[in-house]
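Q: Please work out how this folds:
(one chain, ligands or ions: 1)
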Amino acid sequence: MSKLVSLAKRRGFVFQASEIYGGIGSSWDYGPLGVELKRNVKDAWWRAMVHERDDIVGLDSAIIQHPKVWEASGHIENFTDPLVDCLKCKGRFRADKLDDARCLEKPSKKPGECGGELTAPRRFNLMFKTFLGPVEEGAATAYLRPETAQGIFTNFVNVQQAARKKPPFGIAQIGKSFRNEITPGNFIFRTREFEQMEMEFFVPPAQWEQWYGEWRKLRQQWYVDLGMDPAKLRLRDHAKDELAHYSNGCTDVEYLFPFGWSELEGIASRTDFDLKRHSQFSGKDLQYFDEQTKEHYVPYVIEPAAGCDRATLAFLVDAYTEELVEGEVRVVMKLHPRLAPLKVAILPLVKKDGMPERARALEKSLRQRFTTFYDEAGAIGRRYRRMDEVGTPFCVTIDGQTAADGTVTVRHRDSMQQERVAEKALESHLSAAMAAWSRGAR
Ligand code: ATP
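A: Numbers count the residues shown, from 1 in each chain. Have a look, this model is predicted:
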């Protein structure tokens, strides 16, 4: 992890937020390459969940919702973690995660092992409170959403009618959520501000089991399709006592991070709890009317809820590779080309003989299609290594032969193999190579 965190900073993936002021606990800023990577993760999710399906539509709901939303959802009452204080070192810890926590005074020990007494656990609500308008009082209290899902439930009828959808159908949303986590940590794995990719799939009650099974499979496969090592992915079914009282099934997609197996995403079967509660609290009818059977019913919901930052971290961890090449360590980010922040680097072999001009012209034309990067500084081998380190799948070199026969060298990141390709055919050649990429071949 420490290698990855330092690479992320050095190469512009992720910076500590407010670093010049000493940083602020658990906030991170995505740099030029990080923002591209994260956008690619979100695009891949949106494509798989919305664009490639005819039964899911999108939504972008507000972060600040009516406070009643959080009463109805149960967040005001129940969205709590058990908090304990150490009376000696003054550390605050999640009572259910003491094994993962470290004493503030003696970081090699667990909370309480410094000899300090731990208080009895008390419930700490994770929602961030704020006030609407200029008055800071109870009536103006609002919350930053701790999940995007509730904006989907409150819009169920709007979306269903506007998009003329019939269960089974889903509503997908990507957006920021906020949780005042007691113990954030592990880089961008657990933060207080993060992005979620959530989808609520509304089904006729009798079909919940079938769709729950389907989404478990599909969501695990999504990570594999984007190049993640299948051996480091698993599904973990929640035990009965882990389930919320309204839920009849929940599975986590877990990834084997350097700090152990941890949740990437949860797939929850939520029954008709959310729609019923919102119906009860708002007084509005949130049933679906089936024209064919003339039946009114409240759909059941299957919810795959993923974290965008966690997925981004997992893709980075999974792609990070060190190889010994001619006695030197080569660091390569073997990211799926779809996720790679830069797709193609264009490199003139030397800074003379018209090579930079030709390379710049080529870069300008490829830029219409791919994210590109132009680099003429330093020895070619070092330039290749710089691109390897940020996961650029292809380097294109303009050399002496280019002027003579119109061909360029394409160098592949994973195999380091080089081939000559006609400049004219380059765009289609690169597209085909990207489409043909597979984890096995990397
Ligand atoms: P955890 O048990 O790790 O706190 P959770 O089960 O409370 O997570 P959910 O409410 O199911 O999480 O949220 C869905 C997804 O949102 C999680 O699988 C995770 O990827 C992401 N997520 C939740 N909390 C955070 C956080 N504090 N920082 C980053 N991502 C988060």
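Q: what helices or strands is the helix or strand hosting V224 leaning on?
A: According to DSSP states H and E, V224 maps onto helix 208-225. The contact analysis (3 or more Cβ pairs under 8 Å, 6 or more residues apart in numbering; DSSP states H and E) places helix 208-225 against strand 193-203, strand 233-237, strand 249-257, strand 260-271, strand 300-307. All C-beta spots, glycine's among them, are computed from the backbone N, C-alpha and C.
Q: quick one: L286 from T293, how far?
A: Counting by Cβ to Cβ, to the nearest Å, the gap from L286 to T293 is 18 Å.
Q: For these two, work out which one has more neighbours and name it.
A: Applying other Cβ atoms under 10 Å to L286 and T293 shows that L286 carries more neighbours, namely 20 against 9.
Q: how much space between the nearest residue to Y300 once chain neighbours are set aside and the ligand?
A: Residue nearest to Y300 in three dimensions, not counting chain neighbours: W208, with 4.3 Å by Cβ to Cβ, 6 or more residues apart in numbering. Distance, W208 to the ligand, by Cβ to the nearest ligand atom, to the nearest Å: 18 Å.
Q: For W208, give me its contacts.
A: Remark: with contacts taken as Cβ atoms under 8 Å, 6 or more residues apart in numbering, W208 is in contact with 248, 269, 271, 300, 302.
Q: Run through the bridge partners of A305.
A: E198, G266 (DSSP bridges).
Q: residues contacting it?
A: 147, 149, 196-199, 265-268.
Q: quick one, what contacts the residue in the stretch 251-400 of the chain that the ligand sits nearest to?
A: Closest approach of the stretch 251-400 of the chain to the ligand (Cβ to the nearest ligand atom) occurs at G307, with a separation of 2.2 Å. Residues near G307 by Cβ under 8 Å, 6+ apart: 194-197, 264-265.
Q: Distance to L324 and pLDDT for those - can I get that in JSON lines?
A: Putting those into JSON lines (distance: Cβ to Cβ, whole Å; pLDDT from 0 to 100) gives the following:
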{"residue": "F194", "distance to L324": "36", "pLDDT": "98"}
{"residue": "E195", "distance to L324": "37", "pLDDT": "98"}
{"residue": "Q196", "distance to L324": "39", "pLDDT": "98"}
{"residue": "M197", "distance to L324": "37", "pLDDT": "98"}
{"residue": "L264", "distance to L324": "30", "pLDDT": "98"}
{"residue": "E265", "distance to L324": "35", "pLDDT": "98"}
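Q: Skipping adjacent residues, who's closest to the most centrally placed residue in the chain in space?
A: For the chain, C308 is the residue whose C-alpha lies nearest the centre (Cα atoms, centre = their mean; 1.7 Å). Spatial nearest neighbour of C308, chain neighbours left out: E195 (3.9 Å); criterion: Cβ to Cβ, 6+ apart.
Q: With T312 as the reference, measure out to the one you found.
A: Taken as Cβ to Cβ, the span from E195 to T312 is 9 Å.
Q: what do you get for Q65?
A: As judged by Cβ to Cβ, Q65 and T312 stand 26 Å apart.
Q: When these two are compared, which one has more neighbours?
A: Taking neighbours as other Cβ under 10 Å, Q65 and T312 compare with T312 leading, 23 against 17.
Q: I'd say that one and I188 touch.
A: Yes. Counting by Cβ atoms under 8 Å, I188 is a contact partner of T312 at 6.8 Å.
Q: thinking again about what came up before, please identify every residue contacting each of E195 and T312.
A: Common neighbours of E195 and T312 are listed as K38 (criterion: Cβ under 8 Å, 6+ apart).
Q: Enumerate every residue touching G391.
A: Residues in contact with G391 (Cβ under 8 Å, 6+ apart) are 319, 332-335, 339-342, 413.
Q: what's the closest non-adjacent residue to it?
A: Nearest residue to G391 in three dimensions, chain neighbours excluded: M333, at 3.2 Å (Cβ to Cβ, 6+ apart).
Q: wait, that neighbour sits on R385?
A: No. M333 is beyond contact range of R385, at 11.7 Å (criterion: Cβ under 8 Å).
Q: who has more neighbours, those two?
A: Shown here are M333 and R385; by other Cβ under 10 Å, M333 has more neighbours (27 against 16).
Q: residue contacts, that one?
A: Going by Cβ under 8 Å, 6+ apart, the list of residues near M333 reads 316, 319-321, 340, 388-391.
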